[in-house]
Structure formats: structure tokens, C-alpha cells
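Chemist: Turn this into a structure:
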Amino acid sequence: MYWLLVLALALVNIGGLFSVALTLTKGAAAGGALETLLKLALLDAVSFWLLRQLRDR
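Modeler: Numbers count the residues shown, from 1 in each chain. As a prediction, this is how the structure comes out:
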């Protein structure tokens, strides 16, 4: 079960990085890219906390 969460986390991060790259290459304001990075950081923090809780069981 851990590998599913790790896989989902990796795929979300890859998608987020593509989103940031596309936002920046489109010439849009950097605010959209920063917002995406902040959402990814929050999602990573929650995911790592969840992984830690699952491992401690």
C-alpha cells in the first residue's frame, strides 16, 4: 500500500513541475507558477506526514 502513495506523490510532483514549466514558458505571470509550487509543497508535506504515520503502525 505504501508504494501506491509514493507513486501517486511522484506523479503529482511530475505533473506539478510540468504545470510550472508550461506556465513560465507561456509568458504568464510568475504568480501562477508560484501558486502551483506552494500547492505542491503543501501536498508534499501532508503526504510525507501520512507516510510517516503509516510506517509507525
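Chemist: from the chain's centre, how far out does the helix or strand containing residue 54 sit?
Modeler: For residue 54, the host element (DSSP states H and E) is helix 30-56. Helix 30-56 has its C-alpha centroid displaced from the chain centroid by 5 Å (Cα atoms, centre = their mean, to the nearest Å).
Chemist: Stretch 47-57 too?
Modeler: That offset, for stretch 47-57, works out to 17 Å (Cα atoms, centre = their mean).
Chemist: pLDDT weak spots in this protein?
Modeler: Scanning the chain for pLDDT under 70 picks out 1, 28-30.
Chemist: re the thing from before, so which elements touch the helix holding residue 54?
Modeler: Contacts defined by 3 or more Cβ pairs under 8 Å, 6 or more residues apart in numbering; DSSP states H and E place helix 30-56 against helix 2-25. In short, each C-beta sits where N, CA and C put it, glycine included.
Chemist: Which elements pack onto the helix it packs on?
Modeler: Helix 2-25 sits against helix 30-56, with contacts defined as 3+ Cβ pairs under 8 Å, 6+ apart.
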